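> sequence plus predicted model, see below.
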Amino acid sequence: MKTVRLTTAQALIKFLNQQYVEFDGKVEKFVKGIFAILGHGNVLGLGQALEEDLGDLEFYQGRNEQGMAQAAVAFAKQKHRKQIMACTSSVGPGAANMVTAAATASANNIPVLLLPGDTFATRQPDPVLQQVEHYHDLSITTNDAFRAVSKYWDRIHRPEQLMTAMIHAMRVLTDPADTGAVTIALPQDVQGEVYEYPEYFFKKRIHRIERRIPTAADLKDAVELIKSKKKPIIICGGGVRYSEAADTLKRFAETFNIPYGETQAGKSAVESSHAYNLGGIGITGNLAANVIAKEADVVIGIGTRYSDFTTSSKLLFQHPEVDFLTINVSEYHASKLDAVKIVADAKLALEALQRELEKIQYVSGYTHEIEDAKVAWKAELNRLHNIRYIEQEFTPEIAGQLDEVLPEFAATYQSCLTQTEVIGLVNQQIAEDAIIIGAAGSLPGDLQRMWESRRPNTYHMEYGYSCMGYEISGAFGIKLAEPDKEVYAMVGDGSYLMLHSELVTSIQEGKKINVLLFDNAANGCINNLQMENGISSFGTEFRYRNPETGRLDGGLLKIDFAQCAAGYGVKTYKVTTLEELRTAIEDAKTQTVSTLIDIKVLPKTMTNGYESWWHVGIAGTSKSASVHEAYLSKETNLKKARKY
Ligand SMILES: Cc1ncc(C[n+]2csc(CCOP(=O)(O)OP(=O)(O)O)c2C)c(N)n1
Ligand SMILES: O=C1C[C@@H](O)[C@H](O)[C@@H](O)C1=O
Ligand SMILES: [Mg+2]
């Protein structure tokens, strides 16, 4: 047996260079590159290996471990899971910073390979800098925190363990039903330890991403169900995009006259203008999708996890005899809601179902309802685009909560822009093939409802974990995946303040991203949530501490985000009118560096819900009558919702 004498870290990098995936006959390199923040826990092991022989991997220097790992997640999501990035961090805090990103990946079923440094396997120098000592169990380190958020987790105590660990890592990373974060913890001493690795460990490996074939029995059950129903609705989930099943879905919808709503992950699989595309569904869904969903007698969920946002906490589907059919590559997700299930690849399942339904000449019972719903939503969308603030007699979309703050905000910022008019203008102004990204705050709701995707795969929303800070990191990851397209991060002030470090990396790399920063001086959606549930505004507006009251009820914080970002070398704009916004967007298109448009938007001017409900924890007892009222309303809705 021929062997190669390498350190664990060198072997790992050599192995990663040899991984390929095959999907529909196309073979591609699987690991595009590696993000790193080097510290004492990885610089002399993995860092040495990367410096000595990077192979074909691209090397990126992250700024914040969570940020860089979320850039890696966005990269893989935009690549529809066919290519990934690895991420290496130091030990302790560097590693801990990646835990949130691991969860983001796993919640969204997106592959990412995380390589945190770890404490010494020998334990000789313990406790090392940044080691948390667990008196009851010396085998625990910070990296055990990844166990809860990884789809595969391993720690390499001996160099030879790397071989089985990496083979399992690849199995999980390339499995459509089980993919997510894979964490391989690398003790600092083991990274540099030497082993005679067999040459065959480094052979070129092509991992076939299989399209799981639907069984005849599953199909038969599905056909039986559909043929007994008149008003089906499809939910187009992320699985439609990952399986590249959009054209198949279109044909299916057209042939059988079945409309579909989009989840956050599924949105833009098909362009919004398609006659059967109702748009966003669920809590953050629009009127068209939610009205049709309410009366559907069968719900066909394709590649969806059926999150509470998609089902309106299981209250959305109100037809007394509604049944569920799931098409999902994951047995786990397919089994939800007592569904008749087809455990299979979305494209193959739809094609097979198409053949079977054609045999019985199935057509749904819809006549004018789909078109009517779309027309009604179009009119509502038009209204949202045209909401202009007039100081007297203005009623915001979220009315009766902080009405008095609007004039204060307008006076403080000299801006009267409403969030919905800004979104409307951005949607019209940016290029058709530009990609927008979002993750948290009020924007995901507004965008799922309002955004018209004019080209496929141009809407990128992380709403499995809805992690503040993903927006900028993710925009950078998308730019690495699609360097020829403009990428726009749609981000609230709260999210931006939480994490925007990879904006600097975009400048460093000359990879232009555009930040559209919606500053409403608040964690706005959470303020809405508390106030609509009867609580007074508390801890969610961004106000100075008031020396008179001792509370955070002073004037509004006034942050010049444009000035801050300009310091990084970003081309920035401050806009307070639609005309300035239009001019800034056009100018930003001509720039080669990253841009940021600081948009001051009036609070409470985001969209409100349409025919939906969110089950949230509410106090069962309170001195406040309005909280009690909200509690009773929750109880009433809960009675109407499916129990599981
Ligand atoms: C990392 C993280 N922490 C906390 C939350 C909970 N959370 C969701 S939205 C939000 C506020 C977002 O504020 P902003 O970005 O300004 O958006 P807005 O709602 O004002 O549009 C918070 C705290 C989260 N989603 N992610
Ligand atoms: O708690 C939350 C409320 C949602 O409205 C928001 O979009 C999301 O980011 C979140 O975490
Ligand atoms: Mg905000």
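Ah, there it is. Ligands and ions are numbered 1, 2, ... in the order given.

> residues contacting the closest residue to residue 318 other than its chain neighbours?
Spatial nearest neighbour of residue 318, chain neighbours left out: residue 294 (4.8 Å); criterion: Cβ to Cβ, 6 or more residues apart in numbering. (C-beta placed from N, C-alpha, C; glycine too.) Taking Cβ atoms under 8 Å, 6 or more residues apart in numbering, we find residue 294 in contact with 316-319, 611.

> swap in residue 288?
By Cβ under 8 Å, 6+ apart, the neighbours of residue 288 are 278-279, 373-374, 376-377.

> if you set the cut-off to 10 Å instead, what comes out?
259, 261, 277-281, 369-378, 380-381, 449, 610 (Cβ atoms under 10 Å, 6 or more residues apart in numbering).

> among those residues, name the buried ones.
259, 261, 277-281, 369-370, 373-374, 377, 380-381, 449, 610 (16 or more other Cβ atoms under 10 Å).

> ok, those vs ligand 1, which is closest?
Taking Cβ to the nearest ligand atom as the measure, ligand 1 lies nearest residue 449 of those, at 13.8 Å.

> the helix or strand harbouring the closest one vs ligand 2: in contact?
Element membership for residue 449, per DSSP states H and E: helix 443-450. Yes. Under the criterion of Cβ under 6 Å from any ligand atom, ligand 2 is reached by helix 443-450 at residue 444.

> list the contacts of the residue in the chain that ligand 2 sits nearest to.
Residue of the chain nearest ligand 2, by Cβ to the nearest ligand atom: residue 440 (3.3 Å). With contacts defined as Cβ under 10 Å, 6+ apart, residue 440 is in contact with 461-463, 465-471, 491-492, 494-495, 498, 523, 525-526.

> that one and residue 475, how far apart?
14 Å (Cβ to Cβ, to the nearest Å).

> which neighbours do those two have in common?
Between them, residue 440 and residue 475 share the contacting residues residue 491, judged by Cβ under 10 Å, 6+ apart.

> circling back: which helix or strand lies directly C-terminal to the helix holding residue 449?
According to DSSP H and E, the helix or strand after helix 443-450 is strand 459-461.

> can you show me the helices along the stretch 151-300 of the chain?
161-173, 188-192, 216-227, 238-242, 246-256, 287-295 (DSSP state H, counting those that start in this stretch).

> picking that back up, farthest pair in the buried ones among the contacts of residue 288?
In terms of Cβ to Cβ, these reach their longest pairwise distance at 369 and 449, which sit 19.4 Å apart.

> hang on, residue 151 packs against residue 102?
Yes. Using Cβ atoms under 10 Å, residue 151 makes contact with residue 102 at a distance of 9.1 Å.

> find the helix or strand that the residue in the stretch 51-200 of the chain that ligand 1 sits nearest to is a member of.
At 6.7 Å from ligand 1, residue 100 is the closest residue in the stretch 51-200 of the chain, using Cβ to the nearest ligand atom. Taking DSSP H and E as the criterion, residue 100 maps to helix 99-107.

> quick one: that helix near ligand 2?
No. If you take Cβ under 6 Å from any ligand atom as the test, helix 99-107 misses ligand 2, and the best it gets is 11.8 Å.

> distance between the very next helix or strand once past that helix and the chain's centre?
Remark: after helix 99-107, the chain's next helix or strand is strand 112-118, criterion DSSP H and E. From the chain centre to the centre of strand 112-118 is a distance of 21 Å (Cα atoms, centre = their mean, to the nearest Å).

> sheet partners, orientation included, of strand 112-118?
strand 84-89 (parallel), strand 181-187 (parallel) (DSSP bridges).

> three-state assignment of residue 6?
strand (DSSP: H, G, I helix; E, B strand; the rest coil).

> chain neighbours aside, what residue packs nearest to it?
residue 197 (5.7 Å).

> does residue 546 touch residue 556 like I think?
No. Distance between residue 546 and residue 556: 11.8 Å, which falls outside the contact criterion (Cβ under 10 Å).

> who has more neighbours out of the two?
residue 556 (19 against 12; other Cβ atoms under 10 Å).

> quickly list what that one is bridged to.
With DSSP bridges as the rule, residue 556 is bridged to residue 543.

> model confidence score at it, please.
Per-residue confidence (pLDDT) for residue 556: 98.

> can you check residue 393 too?
pLDDT at residue 393 comes out at 87.

> any figure for the gap between it and residue 332?
Taking Cβ to Cβ, one finds residue 393 at 52 Å from residue 332.

> repeat for residue 58
Residue 58 is 34 Å from residue 332, by Cβ to Cβ.

> check contacts around residue 85.
31-35, 57-58, 60, 68-69, 71-76, 79, 111-113, 477, 480-481.

> next, count neighbours for the residue nearest to residue 449 when sequence neighbours are not counted.
The shortest distance from residue 449 to any non-neighbouring residue, by Cβ to Cβ, 6+ apart, is to residue 286 (4.4 Å). Using other Cβ under 10 Å, residue 286 is surrounded by 28 other residues.

> hang on, residue 286 packs against residue 448?
Yes. In this structure, residue 286 is within contact of residue 448 by Cβ under 10 Å, at 7.8 Å.

> what's the overlap in contacts for the two?
Overlap of the contact sets of residue 286 and residue 448 (by Cβ under 10 Å, 6+ apart) consists of 261-262, 279-280, 607.

> can you redo those residues as JSON lines with pLDDT and distance to residue 21?
Output for those, formatted as JSON lines (pLDDT from 0 to 100; distance: Cβ to Cβ, whole Å):
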{"residue": "261", "pLDDT": "98", "distance to residue 21": "31"}
{"residue": "262", "pLDDT": "98", "distance to residue 21": "27"}
{"residue": "279", "pLDDT": "98", "distance to residue 21": "32"}
{"residue": "280", "pLDDT": "98", "distance to residue 21": "31"}
{"residue": "607", "pLDDT": "98", "distance to residue 21": "39"}
